[in-house]
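Q: When you get a sec, could you give me coordinates for this:
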Amino acid sequence: MTTDHRLPYSPADIHVDPRAWPDVAHRPTSRLRALAAGRLFAAATRRLPISVEYPDGRLGGAASDAVLPRMIVRDPESLFHRLGTSGLIGFGEAYMAGDWTTDDLVGVLTPFAERVAELVPAPLQRLRSLVLPGHPDDEQNTVANTRSNIARHYDLSNELFGAFLDETLSYSSAYFGSDSAAETADWSMLADAQRAKIDRLLDQAGVGEGTRLLEIGTGWGELCLRAAARGAHVRSLTLSSEQRELALERVAAAGFADRVSVDLLDYRLVDGEYDAIVSVEMLEAVGREFWPAYFRTLDRVLVPGGRAAVQVITMPHARMLASEGTYTWVHKYIFPGGQLPSIEALREVTTAHTGLDLVDEKAMGCHYARTLRLWRERFVRSDAVIADLGFDSVFRRMWTFYLAYSEAGFRSGYLDVYQLGFAKPAVSQTPRLS
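A: Take a look at the predicted model:
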């Protein structure tokens, strides 16, 4: 067995500040729930191709002679108390606290993602809303709350994101040209793959010389730069003050200040008319109840004959419905207020609430899996740099878990990512519903 000192983040590395991480520092105590969670965990992991190693030498997981990814449980009592009290939120918090670890995080998490619908028996799943935490009211994506939700993720530090993103500072799936290329791509290919992703979106939206382009979700400005280089006039919207500041610096340095404006503005408040709209992985932060408002905004400001390109992470429709209203570890620690749509849901929303036609769908989930792997490897290599920026061991462990958790979602097929092309008819149609 591999000794602890060879594993990432040994217990000595993890100091949990109860002021910064109250729910990670506090171990809940509910013996009945912990007992039930322990039994469910043992039953679920017996069906997974992983090895579960306990401190007393017991082994769980699948019975197999094969070499399996190892989940090493250091504190089973704490793990099961957390699982019993807050479900998968507790599973992530247990990793943050060091209750369990592994030398193959994606390898352990991928089987969980593949079988997520089966891990808990259906009768117990129906009780989820009664026993697990719900969404806080202040994370609903109203105009009043959305800027705070966005700031909690994107205003962490430009230097943090710069420590693991490529030179384009693109924080969304790259496109490596083919699925086979995505399987083997290395870091040296990532920046060009990000540019290729952007170019496909600009092509979908028909962006060229003189195009009046609206971008919803600025990021750090790479799409603005590539659109302006085509001769477009760009208005970009963001709710992240740190992203806006750096994006404007990059725009000015490239000599495009006369073609690009970056506004700190909610998408629902935008005015004007635009020939094209592009939005990259921003829809995930909108929230399901506001999807109609998002697409009505696109329809309202897009000129007849205009086109829009939306890159969005999706999940299966059945799982979207089954998990509706569930408060997750990602909501609590990474993206408050977020909700992943299904392709079916997006078709329904645009058909019911707009005159837009969905005319192009490009799926590229394996490209996101590779992008995330490259980010995570660089994030781990940059551990000392990130620590020097003031981010403690729990934060760094949390983000490693988040990047691996996301990669596992794409590798398992539970998640996908699409580039969707929409067209507004040249003769404007009345939206089907208000």
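Q: Run the chain-centre distance for the helix or strand where residue 86 lies.
A: Assigned by DSSP states H and E, residue 86 belongs to helix 76-97. On the basis of CA atoms, centre = their mean, to the nearest Å, helix 76-97 sits 21 Å off its chain's mean C-alpha point.
Q: Determine the set of other helices and strands touching the helix or strand harbouring residue 192.
A: Assessed by DSSP H and E, residue 192 sits inside helix 190-204. With contacts defined as 3 or more CB pairs under 8 Å, 6 or more residues apart in numbering; DSSP states H and E, the packing partners of helix 190-204 are helix 222-229, strand 274-280, strand 302-314, helix 365-381, strand 416-423. Glycine gets a C-beta too; all of them are placed from N, C-alpha and C.
Q: Tabulate the ones you listed (TSV), appending mean neighbour count, distance to residue 336 and mean pLDDT.
A: Output for the helices and strands packed on helix 190-204, formatted as TSV (neighbours: other CB atoms under 10 Å; distance: least, CB to CB, whole Å; pLDDT from 0 to 100):
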stretch	mean neighbour count	distance to residue 336	mean pLDDT
helix 222-229	24	24	98
strand 274-280	24	19	98
strand 302-314	22	16	98
helix 365-381	21	20	98
strand 416-423	22	21	98
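Q: any idea which helix or strand comes after the helix holding residue 192?
A: strand 212-216.
Q: Tell me the spacing between residue 44 and residue 346.
A: 31 Å (CB to CB, to the nearest Å).
Q: Apologies, that question was intended for residue 404.
A: Look at residue 404 and residue 346: by CB to CB, they are 27 Å apart.
Q: So which of the two has more stuff around it?
A: residue 404 (24 against 21; other CB atoms under 10 Å).
Q: Contacts only, for the more buried one.
A: Contact partners of residue 404, counting by CB atoms under 8 Å, 6 or more residues apart in numbering, are 105-106, 109, 372, 376.
Q: Apply 7 Å and report the result again.
A: For residue 404, the contact set (CB atoms under 7 Å, 6 or more residues apart in numbering) comprises 105-106, 109, 376.
Q: What are the boundaries of the helices in the stretch 1-150 of the chain?
A: Using DSSP state H, counting those that start in this stretch, the helices assigned to the stretch 1-150 of the chain run over residues 22-25, 31-45, 76-97, 105-114, 122-125, 128-131, 143-154.
Q: how about TSV for the ones you listed, with distance to residue 244 added?
A: What follows is those, written out as TSV (distance: least, CB to CB, whole Å):
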stretch	distance to residue 244
helix 22-25	31
helix 31-45	44
helix 76-97	30
helix 105-114	33
helix 122-125	41
helix 128-131	38
helix 143-154	10
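Q: out of those, which comes closest to residue 338?
A: The closest of these to residue 338 is helix 143-154. By CB to CB, the value is 8.1 Å.
Q: so for the closest one, what's the average pLDDT?
A: Averaging pLDDT along helix 143-154 gives 52.
Q: Which secondary structure elements does the following helix or strand past that helix sit against?
A: Once helix 143-154 ends, the next helix or strand along the chain (criterion: DSSP H and E) is helix 158-162. With contacts taken as 3 or more CB pairs under 7 Å, 6 or more residues apart in numbering; DSSP states H and E, helix 158-162 sits against no other helix or strand.
Q: what residues does helix 158-162 touch?
A: 169, 171, 242, 246, 386, 389, 391.
Q: With just CA atoms, put that helix into PDB.
A: Coordinates of the C-alpha atoms in helix 158-162 are reproduced here as PDB (Å, rounded to 0.1, in the frame of the first residue of the first chain):
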ATOM      1  CA  ASN A 158      -7.000  37.400 -11.700                       C
ATOM      2  CA  GLU A 159      -3.700  36.000 -10.600                       C
ATOM      3  CA  LEU A 160      -5.300  32.800  -9.400                       C
ATOM      4  CA  PHE A 161      -6.800  32.100 -12.800                       C
ATOM      5  CA  GLY A 162      -3.600  33.200 -14.500                       C
END
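Q: to the chain's geometric centre, what's the distance from that helix?
A: 17 Å.
Q: tell me which residues in that helix are buried?
A: 158, 160-162 (16 or more other CB atoms under 10 Å).
Q: Let me know the closest of these to residue 221.
A: residue 158 (11.3 Å).
Q: which stretches of this protein have low pLDDT?
A: For the chain, the stretches with pLDDT under 70 are 1-13, 63-65, 120-155, 428-434.
Q: mind giving me the domain split of it?
A: Segmentation of the chain into domains, based on the TED database, reads 22-130, 137-424.
Q: most tightly surrounded among the ones you listed?
A: domain 137-424 (a mean of 19; mean count of other CB atoms under 10 Å).
Q: ok so, going back, which two of the contacts of residue 404 have the greatest separation?
A: 109 and 376 (11.6 Å).
Q: Let me have the domains of the chain in TSV, adding distance to residue 15 as columns.
A: Formatted as TSV, the domains of the chain follow (distance: least, CB to CB, whole Å):
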stretch	distance to residue 15
domain 22-130	10
domain 137-424	6
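Q: Just say helix, strand or coil for residue 403.
A: Of the three states, residue 403 takes helix under DSSP: H, G, I helix; E, B strand; the rest coil.
Q: need the contact list for the residue lying closest to it once chain neighbours are set aside.
A: Nearest residue to residue 403 in three dimensions, chain neighbours excluded: residue 376, at 3.9 Å (CB to CB, 6 or more residues apart in numbering). Counting by CB under 7 Å, 6+ apart, residue 376 makes contact with 400, 403-404, 407.
Q: repeat that for 8 Å
A: So residue 376 contacts 106, 164, 400, 403-404, 407 (CB under 8 Å, 6+ apart).
Q: Then residue 55?
A: Counting by CB under 8 Å, 6+ apart, residue 55 has contacts 73-76.
Q: before we move on, what about residue 359?
A: 421-423.
Q: Arrange those in a markdown table, one row each, with distance to residue 116 as further columns.
A: Below are the contacts of residue 359 laid out as a markdown table (distance: CB to CB, whole Å):
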| residue | distance to residue 116 |
| --- | --- |
| 421 | 30 |
| 422 | 30 |
| 423 | 35 |
